[in-house]
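1. mind folding the following:
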Amino acid sequence: MANDLFQGYKGRALEVLQKYNTRVWGQAEIETTRGKFNGTVLPRACNDDDRHIVIKIPTGYNIGIDIDTITDMKEVGFHKANYKIPEKEFPVTPGLPHVKLIGTGGTIASRLDYRTGAVIPAFSPGELYGAVPELADICNLETEKIFAVFSENMGPTQYVALAKAIGKEIERGVDGIVIGHGTDTMHHTGAALTFMVQNPPVPIVLVGSQRSSDRPSSDAALNLMHAMTAAGHGDIAEVMVCMFGPTSDEYGLLHKGTRVRKMHSSYRSTFRTIGDTPLAMVTRKGVTPIKEKYNPRRKDRNVKIMPYFSDKVAMLYYYTGMKPDILDAMVDAGYKGIIIVGTGLGHVNKELYPAIERAHAKGVHMFMTLQTIWGYVQMFVYDTGRDMMAKGIIPCGNMLPEVAYIKLGWVLGQTDDPEEVKRMMLTPINDEITEREPYNGYIVLQGGVPEVDEFLQKVHK
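-> Below is the predicted model of the structure:
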């Protein structure tokens, strides 16, 4: 059989397929030492190993079968899959809100190219309508892709360009803006846009998906519907992150851009508001506010765009035994601002003190945040904290470390004056520092203990 019938397979895996006359896209029955498997043989990514055959099983999941476990294989059918998302003209419905979807490279609606292993995003209005036709009942959609990068490659250049693009869309008269974004650094971008796009008149909603669209458990379509609903129909005109609430598909949550964090590598409910409650719940029927105070939607087109950022900012995560040369190296490399992520109430070891003094003498702006994630920096409690404040380190309240890093970059993009930097860092723009944490702003349940297990049986995780 021709090599194009074994897309991506090589070496021993290719030999096994040829031995049993089984092709890519063939429906196969595979006997192994671990049992029998049925499914469609999928192409392999070009750079994958030669020890596994990948099949899509009837549940829709993909599994890899070690070729050393295969005892027999039979092709019982063949149907080459077409993973291209159908494209249909997106209808325009009078009376529905006009929403702009800005793409950055996230895979909110996508298909998988099994030959290369790459996820190919659906992005044009027609593609999105073909993938998620329910969107036409929510809004009139327009799209624009301004980047095509993984979220780990988002940074100051992209933040500035996004802020400017948002300003133009608000001026143009859109009713809401949705930003498709990879989930890994979505909370960084949420913080950056909160500082760069102040007092917007319409909702600005970042959305992504934890699981790609070819998986049965994908959250992509529902997240997109929730985000479009929040952007087009919601009354909260802030920078928000929209993702699953519980792991089930009952509702999404809208999180404030300065108080949200990704907290699990694979859960669909990975994003959590830290030290506060989410802004609102959202379903396809609408938005239900949780917080009473928020920036409401307005009819004007006024917004303050402040697209500034200095890339000479770093974040230093303290660990026991840290040597002063780490901090010295940052200063020698020209960094002008450092966010220290300290232990407990905001501590580092005394061995770092000389380096802290040297950094302060060279005009480096240093701020303290916490590894505990929840809670406030309290540097007046112990001598360690008071000593560090005397050496130039400024406590950041309950600002999250990533948010403090983003804000310091934004501040240093505008001024290097020590007193002005301190004033701007400690003056909240949108609840990055709060006066107190509500009683339900810190809930971490420990499974296994009777009272928690009893509670979990009554609620969704």
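
2. for the helix or strand where residue 64 lies, which strands pair with it and how are they oriented?
-> In the assignment (DSSP states H and E), residue 64 maps to strand 62-66. Using DSSP bridges, strand 62-66 pairs in its sheet with strand 52-56 (antiparallel).

3. as a whole number, average confidence for the strand it pairs with?
-> For strand 52-56, the mean per-residue pLDDT is 90.

4. quick one: residue 324 and residue 412, what's the gap?
-> Note on residue 324: its distance to residue 412, by C-beta to C-beta, to the nearest Å, is 23 Å. Just so you know, the C-beta spots here come from the backbone N, C-alpha and C atoms, and that holds for glycine as well.

5. so what's the residue most central in space within the chain closest to, chain neighbours aside?
-> Within the chain, the residue whose C-alpha comes closest to the C-alpha centroid is residue 183; the distance, by C-alpha atoms, centre = their mean, is 2.1 Å. Nearest residue to residue 183 in three dimensions, chain neighbours excluded: residue 208, at 4.2 Å (C-beta to C-beta, 6 or more residues apart in numbering).

6. before we move on, back to that, in what helix or strand does the residue nearest to the centre of the chain lie?
-> Secondary-structure element containing residue 183, defined by DSSP H and E: none, the residue being outside all helices and strands.

7. hang on, residue 339 packs against residue 411?
-> No - with contact defined as C-beta atoms under 8 Å, residue 339 does not reach residue 411; the gap is 11.4 Å.

8. more neighbours: which of the two?
-> Neighbour count, other C-beta atoms under 10 Å: between residue 339 and residue 411, residue 339 has more, with 27 against 24.

9. residues contacting that one?
-> 313-316, 366-367, 369, 396, 401, 404-405, 408 (C-beta atoms under 8 Å, 6 or more residues apart in numbering).

10. in three-state terms, label it for me.
-> Each residue gets one of three states, and residue 339 gets strand by DSSP: H, G, I helix; E, B strand; the rest coil.

11. any figure for the gap between it and residue 364?
-> As judged by C-beta to C-beta, residue 339 and residue 364 stand 11 Å apart.

12. and the longest strand seen in the chain, how far out from the chain middle?
-> The residue-count maximum for a strand in the chain (DSSP state E) belongs to strand 70-78. When distances are taken as C-alpha atoms, centre = their mean, to the nearest Å, strand 70-78 is centred 40 Å away from the chain's centroid.

13. could you give the bridge partners of the closest residue to residue 294 other than its chain neighbours?
-> Excluding the flanking residues, the one nearest residue 294 by C-beta to C-beta, 6+ apart is residue 236, at 4.9 Å. Beta-bridge pairing of residue 236, defined through DSSP bridges, involves residue 296.

14. from residue 295, how far off is residue 236?
-> Between residue 236 and residue 295 the computed distance is 7 Å (C-beta to C-beta).

15. more neighbours, the two?
-> Between residue 236 and residue 295, counting by other C-beta under 10 Å, residue 236 is the more crowded of the two (23 against 18).

16. my read: the more buried one touches residue 253, true?
-> No - taking C-beta under 8 Å as the definition, residue 236 is not a contact partner of residue 253, at 11.9 Å.

17. overlap in contacts, the two.
-> Taking C-beta under 8 Å, 6+ apart as the contact criterion, the common neighbours of residue 236 and residue 253 are 279-280.

18. which SS state does residue 102 fall under?
-> Here residue 102 is strand, with the state taken from three-state DSSP.

19. show me what the longest strand of the chain is packed up against.
-> Strand 70-78 is packed against helix 11-19, strand 26-32, with contacts defined by 3 or more C-beta pairs under 8 Å, 6 or more residues apart in numbering; DSSP states H and E.

20. mind listing what the residue lying closest to residue 326 once chain neighbours are set aside touches?
-> Of all residues not flanking residue 326 in the chain, residue 316 sits nearest, at 7.0 Å (C-beta to C-beta, 6+ apart). For residue 316, the residues meeting the contact criterion (C-beta under 8 Å, 6+ apart) are 326-327, 330, 338-341.

21. am I right that residue 316 sits in a strand?
-> Yes - counting by three-state DSSP, one finds residue 316 located in a strand.

22. thinking again about what came up before, so what strands line up beside the longest strand of the chain?
-> In the sheet, strand 70-78 lines up with strand 26-32 (antiparallel) (DSSP bridges).

23. could you list the buried residues of the very next helix or strand once past the partner strand?
-> Note on strand 26-32: by DSSP H and E, the next helix or strand toward the C-terminus is strand 35-41. Applying a neighbour-count criterion of 16 or more other C-beta atoms under 10 Å, the buried positions in strand 35-41 are 37, 39-41.

24. please apply the same query to stretch 13-27.
-> 13-14, 16-17, 20, 22-27.

25. ok, which pair from these is furthest apart?
-> Checking the buried residues of stretch 13-27 against each other with C-beta to C-beta, the farthest-apart pair comes out as 14 and 27, at 19.1 Å.

26. what pLDDT does the nearest residue to residue 446 once chain neighbours are set aside get?
-> Distances taken as C-beta to C-beta, 6+ apart place residue 452 nearest to residue 446, at 5.9 Å, with adjacent residues excluded. Residue-level confidence at residue 452 comes out at 86, pLDDT.

27. any idea how far residue 452 lies from residue 248?
-> Residue 452 sits 19 Å away from residue 248 when distances are taken as C-beta to C-beta.

28. does residue 138 touch residue 227 like I think?
-> No - with contact taken as C-beta under 8 Å, residue 138 and residue 227 are classed as non-touching, separated by 9.6 Å.

29. so which of these two has more stuff around it?
-> More neighbours sit around residue 227 than around the other of residue 138 and residue 227, counting by other C-beta under 10 Å; the figures are 32 against 23.

30. before I go, just wanted to say thanks for your time.
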